[in-house]
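Colleague: The sequence and its predicted three-dimensional model are supplied below.
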Amino acid sequence: MEKKQRESWGSRFGFIMAAAGSAVGLGNIWRFPYMAGSNGGSAFIIIYLVFALVIGISVMVGEFAIGRRTQLAAVGAYKSINKNWTFAGVLGVLSAFFIMGFYPVVGGWASAYIFKSFTGLLSNPAAIGDVFGAFITSSIEPVVWMLAYLVVNIIIVSKGIAGGIEKAGKILMPTLFALLILIAIRSISLPGAGAGLDFLFKPDFSQVTGQTFLAALGQAFFSLSLGMGCMMTYGSYLNKSENLPNNALIVTLLDTSVALIAGVAIFPALFAFGMEPAQGAGLVFVVVPQIFAEMGSLGVVFSAIFFIALTVAALTSSVSLLEVVVAYLMDQRGWERVKAVYTAGGIMVVTGILSSLSMGTLSGFKLLGVGIFDFFDILTDKIFLAIGGMLLAIFIGWFVKREDLEDELTNGGTVKFGLFNIWYALMKFVIPLAVLVVAVMGIISIEQTGLMIFGLGVIVVLALFSKKL
Ligand code: PHE
């Protein structure tokens, strides 16, 4: 007997928009272009697509299955199947905190740029890069925006699943899609845009190293919201009649297409303006205003709309991160939603402030060789998510009954999942091995050895001590 009815999604479309909303975010529009830009372009993109469409989609099917089967969020889901695996769920909750350590900072930048579009940012195209640098390194302005952004997250998540998260996704996601396509068309039609398309689609494997593979794998997990129990949590609110593999396919395709469209929106324009592809985290904030700068007042409006879309995409993702922590506190600790949201949100306020300040005022402060923002970013993207995905694959392949998985993925035999055997073999053998190889290759060639060892150490400590959580 259930003590209390579990919340659930209101409709199939609502769930897809929420899950796609979680997946599509800063990862696609802010991070994907600059990762591609600093890892050699097309070769990175091809590796990323293979990882997303083979490993990503399989892990997503697995997360949906475990979440819906157990009707519990990450920690509870693992724990209810096998106590020794609690740590894999705890690692997910920790990852959510870490990603929320930097994500709201960029969400704040995006919101600020909505207003900056109107207040003269575009009137001096030559200064757009410097304006961005000055903005993110200052100590008050970006912090205020970050806080405002975080407060919106807190409000949405405190309203719950169908009323908050789902409603936001249904309106915001389609808007974003339309806008990006518009910008992509504008970008391709600029003179000199061809070089950008070459950079994106003409593979040059001479740039590929072990790092490239790890970066592409981390990007695939990050972008699809995998490896940390987020899709598991969303799956736990899902109706028993939904077709899980189909939904995973739709969400993955939506997510990868948005990343590619973002690439097509950015790179042709970037090359047309003669800018550097490897300029890092400022890429969209510098290139997009440039694209619109020579269009007069119409450009101002487009730029504002773009940053509204970016903010929205970020919001539908960060609410899912906050939800991972909140769902844990509700499921495992029996907290009320609102108390859980305020507590988790309160911690995120602190990490967000530190992380924002690490761009300027606190830039001298290093943790294992990197600033606070990078500490959260690199640890999750380069270690926690990939290892989290690997753990899920091992768990599913070796610790969950095959019949239970088949039963869950076919809704008790009522729908077909023709690829079940292939999926199962991928989870059991291929994915654990592939992630291991990529992680080892990447970690060996990475500069931040201390940070990597620290990250792995955290996972080991969790594995030893988190059974009671
Ligand atoms: N997928 C989101 C993005 O691309 C980020 C995210 C990661 C959200 C992990 C939830 C969980 O921006």
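Modeller: Arrived safely. Residues are numbered from 1 along each chain as shown.

Colleague: any idea whether Gly364 is helix, strand or coil?
Modeller: Local secondary structure at Gly364 is given as coil here, using DSSP: H, G, I helix; E, B strand; the rest coil.

Colleague: contacting residues for the residue in the stretch 251-400 of the chain that the ligand sits nearest to?
Modeller: Using C-beta to the nearest ligand atom, the closest approach of the stretch 251-400 of the chain to the ligand is made by Ser317 at 3.9 Å. Backbone N, C-alpha and C define where each C-beta goes, glycine included. The contact partners of Ser317, by C-beta atoms under 8 Å, 6 or more residues apart in numbering, come to 21-27, 103, 225.

Colleague: for the helix or strand where it lies, which positions count as buried?
Modeller: Using DSSP states H and E, Ser317 sits within helix 296-333. For helix 296-333, the buried set under the neighbour-count rule, 16 or more other C-beta atoms under 10 Å, comprises 299-300, 302-332.

Colleague: now do stretch 337-352
Modeller: Within stretch 337-352, judged by 16+ other C-beta under 10 Å, the buried ones are 337, 340-341, 344-345, 348-349, 351-352.

Colleague: To be precise, which single item in those has the lowest pLDDT?
Modeller: Across the buried residues of stretch 337-352, no position has a lower pLDDT than Arg337, which has 93.

Colleague: my read: that residue touches Met330, true?
Modeller: Yes. Contact status for Arg337 versus Met330: in contact at 6.1 Å, counting by C-beta atoms under 8 Å.

Colleague: near the ligand, which residues of the stretch 301-450 of the chain show up?
Modeller: Along the stretch 301-450 of the chain, the residues adjacent to the ligand under the rule C-beta under 6 Å from any ligand atom are 317, 320-321.

Colleague: okay if I get those residues as TSV plus distance to Ser139?
Modeller: Compiled in TSV, those are given as follows (distance: C-beta to C-beta, whole Å):
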residue	distance to Ser139
Ser317	26
Ser320	29
Leu321	25
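
Colleague: mind putting these in TSV, pLDDT included?
Modeller: Conversion of these to TSV gives the following (pLDDT from 0 to 100):
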residue	pLDDT
Ser317	93
Ser320	92
Leu321	96
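
Colleague: in what helix or strand does whichever residue of the stretch 51-200 of the chain sits closest to the ligand lie?
Modeller: Minimum separation of the stretch 51-200 of the chain from the ligand (C-beta to the nearest ligand atom) falls at Ile99, amounting to 5.6 Å. Per DSSP H and E: Ile99 is located in helix 86-118.

Colleague: got any ranges where the stretch 101-250 of the chain has weak pLDDT?
Modeller: For the stretch 101-250 of the chain, the stretches flagged by pLDDT under 70 are 161-165, 167-169.

Colleague: Show me what from it comes close to the ligand.
Modeller: 222-223, 225, 228, 230.

Colleague: Can you lay out these as JSON lines showing neighbour count?
Modeller: Putting those into JSON lines (neighbours: other C-beta atoms under 10 Å) gives the following:
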{"residue": "Phe222", "neighbour count": "28"}
{"residue": "Ser223", "neighbour count": "28"}
{"residue": "Ser225", "neighbour count": "31"}
{"residue": "Met228", "neighbour count": "30"}
{"residue": "Cys230", "neighbour count": "30"}
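
Colleague: Among those, which lie within strands?
Modeller: Taking DSSP state E, every one of those sits outside strands.

Colleague: and which of the residues you listed is nearest Asn247?
Modeller: For these, the closest approach to Asn247 (C-beta to C-beta) belongs to Ser225, at 13.3 Å.

Colleague: residues contacting that closest one?
Modeller: For Ser225, the contact set (C-beta under 8 Å, 6+ apart) comprises 19, 22-23, 231, 317, 320.

Colleague: How are the helices of the stretch 251-400 of the chain distributed by residue range?
Modeller: In the stretch 251-400 of the chain, the helices defined using DSSP state H, counting those that start in this stretch lie at 283-293, 296-333, 337-357, 372-378, 385-399.

Colleague: and Phe135, what does it touch?
Modeller: Counting by C-beta under 8 Å, 6+ apart, Phe135 touches 109, 112, 116, 141-142.

Colleague: can you name the two of those residues that are farthest apart?
Modeller: Comparing every pair within these by C-beta to C-beta identifies Lys116 and Pro142 as the most remote, at 11.6 Å.

Colleague: thinking again about what came up before, pull out the buried residues from the helix holding Ile99.
Modeller: For helix 86-118, a neighbour-count test (16+ other C-beta under 10 Å) marks 86-114, 116-117 as buried.

Colleague: do stretch 448-457 as well
Modeller: Residues 448, 451-452, 455 are the ones in stretch 448-457 that count as buried (16+ other C-beta under 10 Å).

Colleague: just those residues now: which is nearest the ligand?
Modeller: Distances from the ligand to the buried residues of stretch 448-457, taken as C-beta to the nearest ligand atom, are shortest for Gly455 (16.1 Å).

Colleague: how much space between that closest one and Phe365?
Modeller: When C-beta to C-beta, to the nearest Å is the yardstick, Gly455 and Phe365 sit 19 Å from each other.

Colleague: do the same with Asp204
Modeller: On the measure of C-beta to C-beta, Asp204 and Phe365 end up 38 Å apart.

Colleague: what do you get for Val286?
Modeller: Between Val286 and Phe365 the distance, using C-beta to C-beta, works out to 26 Å.
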